[in-house]
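Student: let's see this in three dimensions:
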Amino acid sequence: MQKIKTALLSYGMSGKIFHAPFLELHPGFELLGSWERSKKLIQEDYPELKSFPSFESILEDKSIDLVVVNTPIDTHFEYAKKVLLAGKHAIVEKAFTSNVAEAQELAVLAKEKGLKLSVFQNRRWDSELKTVKKILDEKLLGEIVEAEFHFDRYNPVLSPKVHKETINSGSGILKDLGPHIIDQALYLFGVPNAVFADIRITRAHSLVDDYLDILLFYSDARVRLKAGFFVREPNPSYVVHGKKGSFLKSRGDVQEDELKVGKKPNLTTWGTEQEGQEGLLHTEIDGKIIREKVPTLQGNYYDYFDGVYQSIVNGKSEPVTAQDGVNVMRIIDAAIQSNEQRKAINL
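Tutor: Residues are numbered from 1 along each chain as shown. Predicted coordinates for the structure are as follows:
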C-alpha cells in the first residue's frame, strides 16, 4: 500500500486527539512528526516521530506529501497557501479561513497546482449526524419543512487559550463551533438562498462573540443553527420536521470523549453510542403512524482520513472539498453582514 508521508503543524489538542490516532491507525499514512514551537510533546506519545523545529523545515522536507494545518484559524490561509506553493497536499482545520476571499484563493491555487485540499469537517462522521442523514436519505419524514441544529454548552468561563478570547480574524463562536453545524446543514440540505443571523456576546468580560442564531432560507424549508455557552439543560441537537413526520436526536457521539482519555480508535467497535441515546422517529410509513426509537449508526473519523487517502492515491474527490469550505465561509461572511445590517442576506 502506498504510504502518504504526513506532518502536523501543531501537537496540541487537535493534533493529539483528532489527527495522530487516526493517521496511526490508517495503513496508508505514515506520520513523520509535528512542528512544535516550545513544548516538545509528540515524542512522549510517539518516540519514533520527529519534532520539527520550524514551519520552513516541513516545507523544505521533500519526503512530506501531506501537511495538516491545525493551527489557530487566523493562520490557516497563510500556512495553507505556503503548503500548497511547496507542492504538498493539505488538510485544513475548520474554520477553513478567516473569510470567503481567502477560501476561494486557496481552492483556485490547489486546482492550479493539481493538489488535494480538504477541510477537516470531521463532525460529518459523528454518529448522530450519520443517523440523521440516513433518515433523510430514506425519506422517512417526507418533504422537509424545517430543521434546527444545536451545538450547545454550559461554560460561562473564558477559554484559557488566548487566541480564542482575543479579537482577531479567527476568534469567536461563529468560526469555532459555527463551522460544524453550518457544514452539516450544507451537507444535508445544500447551499441556501439567503441567510439571517443574530450574533451576540453573552459572557461577562468576553471580547468575542459567544452566541449565534443563524437562519438559512431554502425555497420550501428553513434551517436554524444555534450555539451558545449558557445552555445548562441541552436541547435535542438535531430536530427535523417533514410533512410526514419528525426526527429528534441528542448529541451522543462518544469519539471526542474517548480520544481525550487516551482510547485508541479501531475499525470495529469505535464510535458506538451508549444505549439510551437513540433518536426518536415519529412519522407515517405506508399509511401507518409509528413512534419509535431509532438505533444510532456508528461514527468514525477514520472514514474522513480514508477519504483523503483515496483522493490522493486514487484521484477521487476529497471527503470534504475546498469548495465545501468556500461554501461554509460564504455562510459565515453572510452571517456577519446580516448581523451588522439586521437583515437577511441573499446569496
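Student: surely Lys134 meets Gln298?
Tutor: No - contact criterion CB atoms under 8 Å: Lys134 and Gln298 do not qualify, at 11.6 Å. In this view, the C-beta of every residue, glycine as well, is placed from N, C-alpha and C.
Student: the two: which is more packed in?
Tutor: Gln298 (19 against 14; other CB atoms under 10 Å).
Student: now do the SS call for that one.
Tutor: Using DSSP: H, G, I helix; E, B strand; the rest coil, the structure places Gln298 in coil.
Student: for it, what are its contacts?
Tutor: For Gln298, the contact set (CB atoms under 8 Å, 6 or more residues apart in numbering) comprises 127, 130, 270-272.
Student: among those, which pair sits farthest apart?
Tutor: Greatest spatial distance in the contacts of Gln298: Lys130 and Trp270, 13.0 Å, computed using CB to CB.
Student: any residues in contact with both of those two?
Tutor: By CB under 8 Å, 6+ apart, the residues touching both Lys130 and Trp270 are 298-299.
Student: could you dump whichever strand or helix holds Phe247 to CSV, C-alpha only?
Tutor: Using DSSP states H and E, Phe247 sits in strand 246-249. Extracted in CSV, the C-alpha atoms of strand 246-249 (Å, rounded to 0.1, in the frame of the first residue of the first chain):
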residue,chain,number,x,y,z
SER,A,246,-40.3,14.3,12.8
PHE,A,247,-36.9,13.0,13.9
LEU,A,248,-35.2,14.2,17.1
LYS,A,249,-31.7,13.3,18.2
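Student: kindly provide the whole-number mean pLDDT of that strand.
Tutor: Averaged over strand 246-249, pLDDT sits at 98.
Student: now the helix or strand just after that strand: average pLDDT?
Tutor: The C-terminal neighbour of strand 246-249 among helices and strands, as given by DSSP H and E, is helix 255-260. On average, the pLDDT along helix 255-260 is 97.
Student: ok, now stretch 186-196?
Tutor: Regarding stretch 186-196, the rounded mean pLDDT is 98.
Student: same check, this time on stretch 225-235
Tutor: For stretch 225-235, the mean confidence score works out to 95.
Student: ok, stretch 14-30 next?
Tutor: For stretch 14-30, mean pLDDT is 98.
Student: what sits up against that stretch?
Tutor: Here stretch 14-30 makes contact (CB under 8 Å, 6+ apart) with 1-6, 8, 11, 31, 34, 41-42, 45-46, 66, 68, 70, 93, 120, 122, 256, 259-260, 264-267, 301-302, 304-306, 309, 313.
Student: one more pass at 7 Å, please.
Tutor: The contact list for stretch 14-30 (CB atoms under 7 Å, 6 or more residues apart in numbering) reads 1-6, 8, 31, 34, 45, 68, 70, 93, 122, 259-260, 264-265, 301-302, 305-306, 309, 313.
Student: leaving out chain neighbours, which residue sits closest to Lys175?
Tutor: Of all residues not flanking Lys175 in the chain, Ala95 sits nearest, at 4.1 Å (CB to CB, 6 or more residues apart in numbering).
Student: distance of that neighbour relative to Val320?
Tutor: 13 Å (CB to CB, to the nearest Å).
Student: thinking again about what came up before, which ones among the contacts of Gln298 lie within strands?
Tutor: Using DSSP state E, no member of these sits in strands.
Student: can you list these in CSV and add distance to His205 and pLDDT?
Tutor: Formatted as CSV, the contacts of Gln298 follow (distance: CB to CB, whole Å; pLDDT from 0 to 100):
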residue, distance to His205, pLDDT
Ser127, 36, 98
Lys130, 38, 98
Trp270, 39, 98
Gly271, 37, 97
Thr272, 40, 97
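Student: from those, list the buried ones, please.
Tutor: Buried by 16 or more other CB atoms under 10 Å: 127, 130, 270-272, out of those.
Student: would you turn those into TSV with distance to Leu140?
Tutor: Shown next, in TSV, are those (distance: CB to CB, whole Å):
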residue	distance to Leu140
Ser127	18
Lys130	15
Trp270	26
Gly271	22
Thr272	22
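Student: quick check: of the residues you listed, which lies closest to Asn346?
Tutor: Checking those against Asn346 with CB to CB, the nearest one is Lys130 at 31.8 Å.
Student: mind pulling the model confidence for the nearest residue to the closest one once chain neighbours are set aside?
Tutor: Spatial nearest neighbour of Lys130, chain neighbours left out: Leu297 (4.4 Å); criterion: CB to CB, 6+ apart. On the pLDDT scale, Leu297 is placed at 98.
Student: got the phi and psi for Leu297?
Tutor: Main-chain dihedrals, Leu297, degrees, to the nearest 10: phi -70, psi 160.
Student: number the chain from 43, please
Tutor: With 43 as the first residue, the last one maps to Leu339.
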